[in-house]
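A.B. asks: give me a 3D structure for the following:
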Amino acid sequence: MAKLSDYVKTAADQYVQERGDTELCPRWIAEFFQDCGVQDDYPRQDLIAFADMVQKELIKKYEQAAKKADLQLDKMMAKLSRKP
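C.D. replies: Next up, the predicted model:
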């Protein structure tokens, strides 16, 4: 049985790949919850609570990607400003 946190990360990764969005679609997460085994492995897990965890993971991934992009832009700007 996979850990619940693994399901959350997998759902967030799949959602970004399929939808490219950070706003979680209720229908999508309900289908994932049922079809990917979360409901079977964790029968007491509430769908709404699971969706909240996935939404938080999506936001976290978005913020990390934005920080990484900012760092890359800063590096590029620093290189450009050093060139004569």
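
A.B. asks: may I see the buried residues of the longest helix along the chain?
C.D. replies: Longest helix in the chain, counting residues (DSSP state H): helix 47-82. Of the residues in helix 47-82, 50, 51, 53, 54, 55, 57, 58, 61 count as buried by neighbour count, 16 or more other Cβ atoms under 10 Å. Bear in mind the C-beta positions are built from the backbone N, C-alpha and C, glycine included.

A.B. asks: what separates the strand or helix carrying residue 5 from the chain centre, distance-wise?
C.D. replies: Residue 5 belongs to helix 4-19 when assigned by DSSP states H and E. Here helix 4-19 is found 6 Å from its chain centre; the criterion is Cα atoms, centre = their mean, to the nearest Å.

A.B. asks: same question for stretch 32-47.
C.D. replies: 18 Å.

A.B. asks: can you give the contact residues for it?
C.D. replies: The contact list for stretch 32-47, computed with Cβ atoms under 8 Å, 6 or more residues apart in numbering, reads 1, 2, 4, 7, 10, 11, 14, 15, 29, 30, 50, 51.

A.B. asks: most widely separated two among those?
C.D. replies: Spatially, the most separated pair among those is 1 and 15, at 21.9 Å (Cβ to Cβ).

A.B. asks: the more surrounded of those two?
C.D. replies: Neighbours per residue, other Cβ atoms under 10 Å: of residue 1 and residue 15, the larger number sits with residue 15, 23 against 8.

A.B. asks: and the more buried one, what's its pLDDT?
C.D. replies: Turning to residue 15, the model gives it a pLDDT of 96.

A.B. asks: was I right about it contacting residue 24?
C.D. replies: Yes. If you go by Cβ atoms under 8 Å, residue 15 and residue 24 touch, sitting 6.6 Å apart.

A.B. asks: which neighbours do those two share?
C.D. replies: What both residue 15 and residue 24 touch, as defined by Cβ under 8 Å, 6+ apart, is the set 54, 58.

A.B. asks: residues in contact with residue 16?
C.D. replies: By Cβ under 8 Å, 6+ apart, the contact set of residue 16 is 22, 58, 61.

A.B. asks: dump those into CSV; add pLDDT and distance to residue 72 as well.
C.D. replies: CSV is the format used below for the contacts of residue 16 (pLDDT from 0 to 100; distance: Cβ to Cβ, whole Å):
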residue, pLDDT, distance to residue 72
22, 90, 20
58, 96, 21
61, 93, 16
